[in-house]
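pasting the sequence and the predicted coordinates here, then a few questions.
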Amino acid sequence: QHQQHQQHASVPHASMAFVDENLSLEDIFRHYCLFGASGSAMNSPAGYQMDSARFVKLCRETGLLTKRLTSIDLDIIFTKIKGRGHRKIDFETFLEGLAHIAAHKQCQPAEVQQTIVDACQASW
């Protein structure tokens, strides 16, 4: 409950999308955080954290990358949202990144979220 309150307080325009009870945006985020991770990373006290490479991978594999939104654009967005001195982002910050992607693509954050969930539901 507290985490949800924090999420909405800092990112009111990037609410979490649930398409159905089986696959949520947060499930997808966690999946990509763990991609290629060792056992110690999975049990990290910091919780699920995503680095820039996994952020770009998720965007590439879900069809968000285009000629207008390149991996360089995603690196810039990631650098903007991660905060000084950090190398990884949490789920709340990931939602901010999706809002930046939406602004870049000139659409609503919910459309970006839906694109991700739809792509993963189709391929998982």
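Here it is on my side, so go on.

and the strands in the chain, which stretches?
Secondary structure of the chain (DSSP state E): strands at 50-51, 88-89.

quick one, what contacts the nearest residue to F78 once chain neighbours are set aside?
Using CB to CB, 6 or more residues apart in numbering and skipping the chain neighbours, the partner closest in space to F78 is S52 (4.6 Å). No exception for glycine: its C-beta is placed from N, CA and C like everyone else's. Contacts were defined as CB atoms under 8 Å, 6 or more residues apart in numbering; by that measure S52 touches 74-75, 78-79, 82, 87.

can you do 10 Å?
71, 74-75, 77-79, 82, 87-89 (CB atoms under 10 Å, 6 or more residues apart in numbering).

from those, pick the one nearest G47.
When the contacts of S52 are compared for distance to G47 (CB to CB), K88 comes out closest, at 10.3 Å.

quick check: that closest one vs K82, distance?
K88 sits 7 Å away from K82, going by CB to CB, to the nearest Å.

who touches both of the two?
By CB under 10 Å, 6+ apart, the residues touching both K88 and K82 are 50-52, 55.
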